[in-house]
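Colleague: Predicted model, plus sequence, below.
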2 protein chains.
Amino acid sequence: METIADATPGALFRSFIAYQLTAALRAAIELDVFTAIGAGAGTAAELARRSGAAERGVRILADYLVVQGFLTKTDGRYGLAPIAASFLDRTSPVCLAPAIGFLASPLLLDTFAVLTASVRSGRSAAGERAFEPDHPMWVEFARAMAPIAGMTAEMLAIRLDAGGGGHGKVLDIAAGHGLFGIALARHDPGARIVALDWPAVLAVAAENARAAGVAHRFSTPPGSALEVEFGDGYDTVLLTNFLHHFDPAGCEKILRKVHRALAPGGRAVTVEFVPDESRVAPPEAAGFALVMLATTPAGDAYTFAEFGRLFRYAGFTRSELHQLEPSPQQLIVSRK
Amino acid sequence: METIADATPGALFRSFIAYQLTAALRAAIELDVFTAIGAGAGTAAELARRSGAAERGVRILADYLVVQGFLTKTDGRYGLAPIAASFLDRTSPVCLAPAIGFLASPLLLDTFAVLTASVRSGRSAAGERAFEPDHPMWVEFARAMAPIAGMTAEMLAIRLDAGGGGHGKVLDIAAGHGLFGIALARHDPGARIVALDWPAVLAVAAENARAAGVAHRFSTPPGSALEVEFGDGYDTVLLTNFLHHFDPAGCEKILRKVHRALAPGGRAVTVEFVPDESRVAPPEAAGFALVMLATTPAGDAYTFAEFGRLFRYAGFTRSELHQLEPSPQQLIVSRK
């Protein structure tokens, strides 16, 4: 994350108006400006034509994106900077543009609009809408975050040596897009995935499983992870981006259920933002705690020591921490 | 402005959630966290006590601000990074914290929430509320931006060699906080300032003039700069952060009135964000055009060539461009 090495009024000013960068990227993505430039629209006039927008509008937006390093400008013609060519042009195989639909959704922006009140009370001042069953936010999440999650899921499958087999019966709790279980199933032909989530979200996961050709090993019994029993005899339980929503007592309750669901020798596989003991590094993992303050009653970005304790209390014998680079997330494998 | 040198998913992710930095800084300023840390509150518990906030809330907020480079953290104790010690601790003589009240006001955030529509139509999709007479935003502007404007005004007075005298009768159009005229009056004991703005705003300017000890040479006839006649016989007319709100035709109309108001040999003194001919540098000046797209029907960050033409059409003989560093703004002096 950018640190403010230059203690200047200009650096402060830029941080005060950082929200404008989010808005500009969202506008450019919604109008598909990056794809248009990638396809050769180099002038404001050409861009305006292709995006169905006013020339004044795209000229000012594109100049701003040059200033911010997302576009280039040479002799009045715009081009894609490397970050935009890789991740913002929709024809790129690693386009991550849809993620802004979740990461900067109106709902999330609203929670940050009342951040002062959340800091004051120590819990989200925006209510607990995210925990309502079938909140449409989680369908948006499942769709928007799929490209980013897909990358993390690949790193997970490699890290778990999924190609070596042996994942057996896999429970994916709060599966969302389902991509973590799907990655295991793709790498391990013996893995059978049971994905748990609200029905509207599971429809997205099932769609992704079909697209990945693993639908016959991917079942989706509906039910909130907070309410239904998990069953038993699982070799692997996936807990991806789930525990951060809860306080330690809530996590422990879930982990006891996970422990019961695992067969002897089974393992819980947790993907999370795990800051180190300082809680201020690595930047993305540490910074994520603020999102939990803004959006949950008592969630957090837990350290490995905290997760280790929680898993131990729930009956697990040992936990190991792994990195998932280039993903900013971490992996914890805990043995029953 | 930060450029995205590292074309990584992490860099993109940080840009998508840039709005969270604005929100965190606003929360910390509203709870006066920086001043509390400057006064010795080093732990989350101490900070919570001093800011009347929950310990969980300030712990997560402070860790986030460490990640972002505004705070330090050593052995669990927070400290101020240089940028915060200089500009965010309210006991600092150059504290700029109030500026966030304008730069990230709910009104401005609202305009950026509909930026896509503004790009599409080429004009602010948020309406033209800012141009309603006596919009309270301009009183907030006059108060919040005073510390930053005060610094720019000092650079202006030095650049104009105000200490050498000769500014005579000065008209400050859309004076706002009045600080540009006040700086001239402070440096030039012969200068008499006539400040023009809406009455509620002028009350702030008059207060600032009294505080600076120049009230006897500072008059405030009420009236919108867009409606009243300017009078005549002025040696200097100040146009600070005003012309960017208008399209070229609107600017020219104003500049003709300015020309008429000036005595022979008088000069118009314009302080603006003036990008170079590429329109993508310097970063703050170039980036400012986006604010005009988001908030005005047809305003812009005009280049020096464009300003030169506008002043020439309005009858001025020549214009000169000067920097006002460390302010990110530029100065144009145009002779009648």
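Modeller: That came through, no problem.
Colleague: for residue A:335, what are its contacts?
Modeller: Listed by Cβ atoms under 8 Å, 6 or more residues apart in numbering or on different chains, the contact partners of residue A:335 are A:265, A:266, A:267, A:316, A:317, A:318, A:319. To be clear about C-beta, it is placed using only N, CA and C from the backbone, and glycine gets the same treatment.
Colleague: Pick the one among these closest to chain B.
Modeller: When the contacts of residue A:335 are ranked by distance to chain B (Cβ to the nearest Cβ), residue A:319 comes first, at 22.7 Å.
Colleague: so the closest one bridges to which residues?
Modeller: residue A:334 (DSSP bridges).
Colleague: My read is that it contacts residue A:333, right?
Modeller: Yes. The criterion here is Cβ atoms under 8 Å, and residue A:319 meets it with residue A:333 at 6.9 Å.
Colleague: so which of the contacts of residue A:335 is the most crowded?
Modeller: residue A:266 (24 neighbours; other Cβ atoms under 10 Å in any protein chain shown).
Colleague: show me the residues around that residue that make contact.
Modeller: A:234, A:235, A:236, A:237, A:335, A:336.
Colleague: Confirm it sits in a strand?
Modeller: Yes. The assignment for residue A:266 (DSSP: H, G, I helix; E, B strand; the rest coil) places it in a strand.
Colleague: quick revisit: as JSON lines, the contacts of residue A:266 with pLDDT would be great.
Modeller: Putting those into JSON lines (pLDDT from 0 to 100) gives the following:
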{"residue": "A:234", "pLDDT": "96"}
{"residue": "A:235", "pLDDT": "96"}
{"residue": "A:236", "pLDDT": "96"}
{"residue": "A:237", "pLDDT": "97"}
{"residue": "A:335", "pLDDT": "96"}
{"residue": "A:336", "pLDDT": "94"}
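Colleague: Among these, which one lies nearest to residue B:140?
Modeller: residue A:237 (52.4 Å; Cβ to Cβ).
Colleague: Report whether that closest one is found in a helix, as I expect.
Modeller: No. Secondary structure of residue A:237 (three-state DSSP): strand, not part of a helix.
Colleague: Tell me if I'm right that it and residue A:171 touch.
Modeller: Yes. Look at residue A:237 against residue A:171 with Cβ under 8 Å: they come within range, at 4.7 Å.
Colleague: Need the residues touching each of these two.
Modeller: Shared contacts of residue A:237 and residue A:171, counting by Cβ under 8 Å, 6+ apart, come down to A:230, A:261.
Colleague: Just list the residues touching the closest residue to chain B within the stretch 101-250 of chain A, thanks.
Modeller: Using Cβ to the nearest Cβ, the closest approach of the stretch 101-250 of chain A to chain B is made by residue A:122 at 2.6 Å. Counting by Cβ under 8 Å, 6+ apart, residue A:122 makes contact with A:293, B:53, B:54, B:55, B:56, B:57.
Colleague: That one - nearest residue in space that isn't next to it in sequence?
Modeller: residue B:54 (2.6 Å; Cβ to Cβ, 6 or more residues apart in numbering or on different chains).
Colleague: likewise residue A:193?
Modeller: residue A:181 (3.9 Å).
Colleague: The helix or strand residue A:194 falls within - which strands sit beside it in the sheet, and in what orientation?
Modeller: Here residue A:194, judged by DSSP states H and E, is contained in strand A:192-196. Here strand A:192-196 has these sheet partners by DSSP bridges: strand A:169-173 (parallel), strand A:218-219 (parallel).
Colleague: Now find how far off-centre that strand is within its chain.
Modeller: Relative to its chain's centre, strand A:192-196 lies at 19 Å (Cα atoms, centre = their mean, to the nearest Å).
Colleague: Output the helix or strand following that strand as PDB, restricted to C-alpha atoms.
Modeller: For strand A:192-196, the following helix or strand on the C-terminal side (DSSP H and E) is helix A:199-211. In PDB, the C-alpha atoms belonging to helix A:199-211 read as follows (Å, rounded to 0.1, in the frame of the first residue of the first chain):
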ATOM      1  CA  PRO A 199     -29.900 -20.400  -2.900                       C
ATOM      2  CA  ALA A 200     -29.400 -17.300  -5.000                       C
ATOM      3  CA  VAL A 201     -25.700 -17.400  -4.500                       C
ATOM      4  CA  LEU A 202     -25.500 -21.100  -5.100                       C
ATOM      5  CA  ALA A 203     -27.000 -20.600  -8.500                       C
ATOM      6  CA  VAL A 204     -23.900 -18.600  -9.400                       C
ATOM      7  CA  ALA A 205     -21.600 -21.400  -8.000                       C
ATOM      8  CA  ALA A 206     -23.500 -24.100  -9.900                       C
ATOM      9  CA  GLU A 207     -23.100 -22.100 -13.100                       C
ATOM     10  CA  ASN A 208     -19.400 -21.800 -12.500                       C
ATOM     11  CA  ALA A 209     -19.100 -25.500 -11.700                       C
ATOM     12  CA  ARG A 210     -20.900 -26.300 -15.000                       C
ATOM     13  CA  ALA A 211     -18.500 -24.000 -16.900                       C
END
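Colleague: pLDDT below threshold where in the stretch 1-150 of chain A?
Modeller: The stretch 1-150 of chain A contains residues with pLDDT under 70 at A:1-5, A:128-134.
Colleague: Which parts of it are strands?
Modeller: Using DSSP state E, counting those that start in this stretch, the strands of the stretch 1-150 of chain A run over residues A:71-74, A:77-80.
Colleague: Which among the ones you listed is found nearest to chain B?
Modeller: Here strand A:71-74 is closest among the strands of the stretch 1-150 of chain A (Cβ to the nearest Cβ), at 5.3 Å.
Colleague: Pull the contacting residues for the residue nearest to residue A:122.
Modeller: A:119, A:120, A:121, A:122, A:123, B:48.
Colleague: Also residue A:30?
Modeller: Taking Cβ under 8 Å, 6+ apart as the test, what residue A:30 contacts is residue B:116.
Colleague: let's see 10 Å
Modeller: A:51, A:53, A:97, A:100, A:101, B:115, B:116, B:117, B:119, B:120 (Cβ atoms under 10 Å, 6 or more residues apart in numbering or on different chains).
Colleague: try residue A:72
Modeller: Counted by Cβ under 10 Å, 6+ apart, residue A:72 has contacts A:37, A:65, A:66, A:78, A:79, A:80, A:81, A:82, A:84, B:280.
Colleague: coming back round to it: the contacts of residue B:54: which two are farthest apart?
Modeller: Pairwise over the contacts of residue B:54, using Cβ to Cβ, the maximum falls at A:123 and B:48, 13.6 Å.
Colleague: Most neighbours of all the contacts of residue A:30, which one?
Modeller: Ranking the contacts of residue A:30 using other Cβ under 10 Å puts residue B:119 first, with 30 neighbours.
Colleague: And for the spatially closest residue to that one that is not a sequence neighbour, the neighbour number?
Modeller: In this structure, residue B:119 finds its nearest non-sequential neighbour in residue A:57, 3.7 Å apart by Cβ to Cβ, 6+ apart. Using other Cβ under 10 Å, residue A:57 has 26 neighbouring residues.
Colleague: thought residue A:57 was touching residue B:300?
Modeller: No. Between residue A:57 and residue B:300 there is no contact under Cβ atoms under 10 Å: 11.7 Å.
Colleague: Now for those two: what residues contact both?
Modeller: With Cβ under 10 Å, 6+ apart, residue A:57 and residue B:300 have common neighbours residue B:293.
Colleague: Get me the contact residues on the stretch 201-336 of chain A for chain B.
Modeller: Contacts of the stretch 201-336 of chain A with chain B, taken as Cβ under 10 Å from any Cβ of the partner chain, map to A:247, A:275, A:277-294, A:298, A:300-301, A:325-328.
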